[in-house]
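Following is a predicted model, sequence given first.
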Amino acid sequence: MQISDYIRDVQDFPKEGIIFKDITPLLGDKTAFAKAEEILYTLVPEVAIDVVVGIEARGFFYGPLLAKRLNAGFVPVRKPNKLPYTTIKKEYDLEYGTDVLEMHSDAIKPGDKVLLHDDVLATGGTAAAVAAMIEELGGEVVQCNFIIELDFLNGRSKLPGKHVAAAITY
Ligand SMILES: O=P(O)(O)OC[C@H]1O[C@H](OP(=O)(O)OP(=O)(O)O)[C@H](O)[C@@H]1O
Ligand SMILES: Nc1ncnc2[nH]cnc12
């Protein structure tokens, strides 16, 4: 069984011209769900990770599972005005528009080794904005870890010098 068999292409979502990679079939199948967790965990370098940062919304499925496996904390990065305490924020471009993300200003301690996790690396705008926030707070991004990388959008170019790993590449 290949986890890529559980990724569904949805044409013209959320906008015309976008082929959306839908991970819900993967999440919904108990064997594929577990296998993807194992693969994502195996991709992580053998470095003690202090926190896993997961990006709303689809970075919240595997982010906490990876944190548990790595004996690390979990930090949510959220869309604007969702986090209750003091935040830092960053505007960014993504494949189908622009948006803002926020994280709590005390979520990362200087020197923390951080695993950034999300479901999809597309143009890289989202991950680059989050990596910049992690570094602004003094954290070190050990790896940017994704279920899917859309290689043809060259998201890695927005993450120069970062270790990038994905379970599936298109
Ligand atoms: O590499 P990029 O071009 O920046 O795109 C990748 C981002 O786009 C999607 O999130 P989306 O903004 O659609 O939010 P959602 O997870 O809340 O649906 C995806 O989950 C990544 O976070
Ligand atoms: N094509 C795509 N499918 C799923 N998530 C995405 N995020 C950005 N582009 C995407």
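Received it, and whenever you're ready, just let me know what you need. Ligands and ions are numbered 1, 2, ... in the order given.

Name the residues of the top helix by length along the chain that are buried.
Ranked by residue count and defined by DSSP state H, the top helix of the chain is helix 30-43. Within helix 30-43, the residues scored as buried using 16 or more other C-beta atoms under 10 Å are 32, 33, 35, 36, 37, 40, 43. Every C-beta, even on glycine, is put in place using the N, C-alpha and C of the backbone.

Alongside ligand 1, which residues does the protein contribute?
Taking C-beta under 6 Å from any ligand atom as the measure of proximity, the chain contacts ligand 1 at 55-58, 94-95, 99, 118-127, 155.

Please pick the buried ones from those.
The buried subset of those - by 16+ other C-beta under 10 Å - is 55-56, 58, 94-95, 99, 118-127, 155.

Just want the most central residue of this structure.
In the chain, the residue lying closest to the centroid (C-alpha atoms, centre = their mean) is residue 118, at 1.6 Å.

what's near enough to touch that residue?
Contact partners of residue 118, counting by C-beta atoms under 8 Å, 6 or more residues apart in numbering, are 54, 55, 58, 59, 126, 127, 130, 144, 145, 146.

check contacts around the first one.
It stands for residue 54. 60, 62, 63, 64, 74, 75, 76, 77, 117, 118 are the contacts of residue 54 under C-beta under 8 Å, 6+ apart.
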